[in-house]
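Chemist: sequence first, predicted model second:
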4 protein chains.
Amino acid sequence: MQSGTRTFIEEARRSQIVACAIEVIATLGYANASLSRIAKLAKVSTGVISYHFGGKDELIQAVVAEVAGIATELMTPRIVSQATAADALRVYIEANLEFMRLHPKPLLALVEIVTHSRASDGGPGPYAAQHEIAIADLEKVLAWGRRTGEFRDFDLRTMALAIRGAIDAVPAQIAIFPDLDIDHLARELTVLFTLATRK
Amino acid sequence: MQSGTRTFIEEARRSQIVACAIEVIATLGYANASLSRIAKLAKVSTGVISYHFGGKDELIQAVVAEVAGIATELMTPRIVSQATAADALRVYIEANLEFMRLHPKPLLALVEIVTHSRASDGGPGPYAAQHEIAIADLEKVLAWGRRTGEFRDFDLRTMALAIRGAIDAVPAQIAIFPDLDIDHLARELTVLFTLATRK
Amino acid sequence: MQSGTRTFIEEARRSQIVACAIEVIATLGYANASLSRIAKLAKVSTGVISYHFGGKDELIQAVVAEVAGIATELMTPRIVSQATAADALRVYIEANLEFMRLHPKPLLALVEIVTHSRASDGGPGPYAAQHEIAIADLEKVLAWGRRTGEFRDFDLRTMALAIRGAIDAVPAQIAIFPDLDIDHLARELTVLFTLATRK
Amino acid sequence: MQSGTRTFIEEARRSQIVACAIEVIATLGYANASLSRIAKLAKVSTGVISYHFGGKDELIQAVVAEVAGIATELMTPRIVSQATAADALRVYIEANLEFMRLHPKPLLALVEIVTHSRASDGGPGPYAAQHEIAIADLEKVLAWGRRTGEFRDFDLRTMALAIRGAIDAVPAQIAIFPDLDIDHLARELTVLFTLATRK
DNA sequence: GATGAATGAGATTTCATTCAT
DNA sequence: TATGAATGAAATCTCATTCAT
């Protein structure tokens, strides 16, 4: 169903449910996020979720789209407005971690979903694509720096995996140590990957 | 029960079941790894698993112990025998990725377990400790380099998280792209973190 | 959940399931009363029971509450309206046995639950409290007679245990000998305990 | 298999297992007394129990026979050696409670079995016969007193049920209140039933 | 649109029993 | 005789989904 075809109420319900799904996934983990628990938090019957989303897969997909959308929206402008690729990479890392600091749950939920989801036959799972998109976006920044000669001659994909790997490890740390100093982490990571990428 | 008190047959069965558990977890993912599927692969009834391991938790614990044991055994000597911390770090990364290349499934299973385990109330889960151990081990190598003056003045834990984050991202990539050139990946990562850590 | 917050249909289902649980427990015994059998008699799936009661414990608790409630409601007014404690004791026994004659299964189920419940570590079990309540209620009647001087100087608790022991032995007899003359039994027991308690 | 055809070792094993079964039943309750737990306490494999007893039913039967045998052996002489039926009844109660005080577990186990056992179709269960025997034995004492004119004109079976019901309620009380003053209980019960039976 | 009710599958665990050694 | 290993059934519980109202 296209977004344009939905009524205002329909959209409101969807948003509410997605928000509760984020809360539950971030709090209890992807494996413990059943429709019952999400419905209970939303003070809604489980049937509503199936009604609005067709099924759990679609709800999760909506969560991914929502969070990725917000994240992209918030972060992309800051990144692409930088004058140099090195600045863009630095801001990429800072923006990701700032987002975690400001809205830890959406990003924690997103990482939970993206890293945990697997099809029942073991295949990549329906949300692996999102991860691939994130990697690809990051590769673009790195390719920019390579093109301009700011960055040394590294493998784009490997570097992108390492950067995302480091960033994606953070939410789990936050879950364990809620008082984690994220700004400190951001500074350390920017220095780390600046040194790792510069010529 | 101590290992010494177990029969030869008991040990054989346990090993077989652990091997099947690794296979299933690596292939289908932690969330899809039910006792039924593990038992089916092992061509035994599910009761056998409870008989030999008491329960699922203990089986998973056995998998963790097995793989972590092998990995430590194979990697630690190579790492500690290095003359410099920089070499040790390089070998740490190389050894991890070589292990993935030689035995992709055990390490994929281990990473699945360690990163996915969460208590039903959302708490850290019983295997988070293993991750903490891995981080701590890595911190020791980094601390060594800091002590000898080989490494620059970075935050030990952040650097350890980044390195493990990058390494832990690899199994998922292998699952999606089985033909991944792991040696290439290893070379890139060693260069990356050498530049990131050196003075 | 308060009774008032439940739907009419919800209440009907609960009542039906409780009734089936009583039937099964009374007919097959507490140990043989599985959710499957109760569900089968109710012609619903086992999940329905968990849905309405959360779990087996809660269902059993509901049975206890239901039967104890009915029994108390039917018997207490008759007992307390007596002029003397001796009459009250006589009516206590008569009312209990009449209840057994009119509704043998609920009381048989109650006695099965109350006398058979044990925690898995051998502890008193969650329904032992109900037995204690029954004993305490009986002790009150006995204390009344002691206060008024109608009764001799016996130990309250021992007498209460003996009376309840005698009454609680009846359902099992009914199960074995369905044609048991309960009125005859009631007359004999009232005489017995009248002689045992009077001054 | 007749007792006479069993070897000494065979008998020793059976006794040991029966003793452990008593311990487990008395401690954990009939419902929680699995062969595994009995075997574990006996430091023996579960197969041994099936080997020596054919199955669980036969083991329980052996427990019943053993305890009932001991109890009868210890109590019957004391009872029948009394000069009057009133004394015999008094000694019957005293002997039962003294047995509980000296060897609480065997009798607790016996009562657990006799009162809890039910066939899977809800029928009387294979050990109800033992209860019937106990009732019948008690009826003989009561009949004696009726014959001699010591006792009033009560219904034999009802009185027997009441007495056994009172006695059988004691083990459960001991389980809940281990410090119960059994001698006190015995004195109270003998007075109670003396008054209830005398002319 | 929304709800509560119900289903049926699947998960883990425990149990009595059997069997090869 | 005895053991440890294995089975298969049964039990409880949870889940995603469907459906009548």
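Modeler: Looks like it came in fine.
Chemist: find the least confident helix or strand in chain A, judged by mean pLDDT.
Modeler: Lowest on mean pLDDT, DSSP states H and E among the helices and strands of chain A sits helix A:104-116, with a mean of 87.
Chemist: does the following helix or strand past that one come close to chain B?
Modeler: Once helix A:104-116 ends, the next helix or strand along the chain (criterion: DSSP states H and E) is helix A:128-148. Yes. Applying Cβ under 8 Å from any Cβ of the partner chain, one finds that helix A:128-148 is in contact with chain B at A:Ala128. C-beta here means a position set from N, CA and C on the backbone, and glycine is covered the same way.
Chemist: right, and the helix or strand after helix A:128-148?
Modeler: That would be, after helix A:128-148 and using DSSP H and E, helix A:156-176.
Chemist: give me the buried positions along that next one.
Modeler: By neighbour count on 16 or more other Cβ atoms under 10 Å in any protein chain shown, the buried set for helix A:156-176 is A:156-175.
Chemist: between the longest helix anywhere in chain A and helix A:128-148, how big is the angle?
Modeler: Longest helix in chain A, counting residues (DSSP state H): helix A:56-80. For helix A:56-80 against helix A:128-148, the angle by axes from the mean of the first three to the mean of the last three Cα atoms, to 10 degrees is 20 degrees.
Chemist: interface residues of chain A facing DNA strand F?
Modeler: A:32-37, A:46-47, A:49-51, A:55-57 (Cβ under 7 Å from any atom of the strand).
Chemist: now for the longest helix of chain A, which elements pack on it?
Modeler: Judged by 3 or more Cβ pairs under 8 Å, 6 or more residues apart in numbering or on different chains; DSSP states H and E, helix A:56-80 is in contact with helix A:8-28, helix A:35-42, helix A:46-53, helix A:85-102, helix A:104-116, helix A:128-148.
Chemist: anything in the first one near DNA strand E?
Modeler: Yes. Looking at helix A:8-28 against DNA strand E by Cβ under 7 Å from any atom of the strand, the contacts come from A:Ile9, A:Glu10, A:Arg13.
Chemist: quick one: distance of stretch A:136-152 to the chain centre.
Modeler: Centroid separation for stretch A:136-152 versus its chain: 21 Å, with Cα atoms, centre = their mean, to the nearest Å.
Chemist: what's in contact with it?
Modeler: Residues outside stretch A:136-152 that contact it (Cβ atoms under 8 Å, 6 or more residues apart in numbering or on different chains): A:72, A:76, A:79, A:84-86, A:88-89, A:92, A:153-154, A:156-157, A:159-160, A:163-164, A:197-199.
Chemist: repeat for stretch A:37-56
Modeler: Contact partners of stretch A:37-56, identified using Cβ under 8 Å, 6+ apart, comprise A:10, A:13-14, A:16-17, A:20-21, A:23-24, A:28, A:35-36, A:59, A:62.
Chemist: give the buried residues for that stretch.
Modeler: The neighbour-count check on stretch A:37-56 (16+ other Cβ under 10 Å) flags A:Arg37, A:Ile38, A:Ala39, A:Leu41, A:Ala42, A:Val44, A:Ile49, A:His52, A:Phe53 as buried.
Chemist: and stretch A:125-135, by the same measure?
Modeler: A:Gly125, A:Pro126, A:Tyr127, A:Ala128, A:Gln130, A:His131, A:Ala134, A:Ile135.
Chemist: where does the second one land on pLDDT?
Modeler: As summarised for this prediction, A:Pro126 has a pLDDT of 76.
Chemist: state the distance from A:Phe99 to DNA strand F.
Modeler: 27 Å (Cβ to the nearest atom of the strand, to the nearest Å).
Chemist: now the residue in chain A that chain D sits nearest to, nearest residue through space, not along the chain?
Modeler: Proximity to chain D, evaluated over chain A using Cβ to the nearest Cβ, is greatest for A:Asn32 at 30.3 Å. Nearest residue to A:Asn32, sequence neighbours excluded (Cβ to Cβ, 6 or more residues apart in numbering or on different chains): B:Ser120, at 5.6 Å.
Chemist: and the pLDDT for that neighbour?
Modeler: 84.
Chemist: quick one, phi/psi of it?
Modeler: Reported as degrees, to the nearest 10, the phi and psi values for B:Ser120 are phi -70, psi -20.
Chemist: hmm, it is touching A:Ala33, no?
Modeler: No. Contact criterion Cβ atoms under 8 Å: B:Ser120 and A:Ala33 do not qualify, at 11.2 Å.
Chemist: so between those two, which is more surrounded?
Modeler: A:Ala33 (27 against 10; other Cβ atoms under 10 Å in any protein chain shown).
Chemist: I'd say that one and A:Val24 touch.
Modeler: Yes. Using Cβ under 8 Å, A:Ala33 is in contact with A:Val24, at 4.7 Å.
Chemist: just for chain A, where's the confidence low?
Modeler: A:1-5 (pLDDT under 70).
Chemist: how about the residues of it near DNA strand E?
Modeler: Chain A comes close to DNA strand E at residues A:Arg6, A:Thr7, A:Ile9, A:Glu10, A:Arg13, A:Val44, A:Ser45, A:Thr46, A:Gly47, A:Val48, A:Tyr51, A:His52, as judged by Cβ under 7 Å from any atom of the strand.
Chemist: what's the closest of those to chain C?
Modeler: Distances from chain C to the residues of chain A next to DNA strand E, taken by Cβ to the nearest Cβ, are shortest for A:Thr46, at 11.1 Å.
Chemist: if I look at the residue lying closest to that closest one once chain neighbours are set aside, how far off is B:Thr148?
Modeler: Leaving aside its chain neighbours, A:Thr46 sits nearest to A:Ala39 (4.5 Å; criterion: Cβ to Cβ, 6+ apart). Separation of A:Ala39 from B:Thr148 (Cβ to Cβ, to the nearest Å): 57 Å.
Chemist: can you check A:Ala128 too?
Modeler: Look at A:Ala128 and B:Thr148: by Cβ to Cβ, they are 42 Å apart.
Chemist: reformat the buried residues of stretch A:125-135 as a markdown table; add distance to chain C.
Modeler: Listed next are the buried residues of stretch A:125-135 as a markdown table, based on distance: Cβ to the nearest Cβ, whole Å:
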| residue | distance to chain C |
| --- | --- |
| A:Gly125 | 28 |
| A:Pro126 | 27 |
| A:Tyr127 | 29 |
| A:Ala128 | 33 |
| A:Gln130 | 34 |
| A:His131 | 35 |
| A:Ala134 | 39 |
| A:Ile135 | 42 |
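Chemist: put together CSV for those, with distance to A:Ile113 on each row.
Modeler: Below are those laid out as CSV (distance: Cβ to Cβ, whole Å):
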residue, distance to A:Ile113
A:Gly125, 9
A:Pro126, 10
A:Tyr127, 5
A:Ala128, 10
A:Gln130, 8
A:His131, 10
A:Ala134, 12
A:Ile135, 16
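Chemist: nearest to DNA strand F among those residues?
Modeler: Of all these, DNA strand F sits closest to A:Pro126, with 11.6 Å by Cβ to the nearest atom of the strand.
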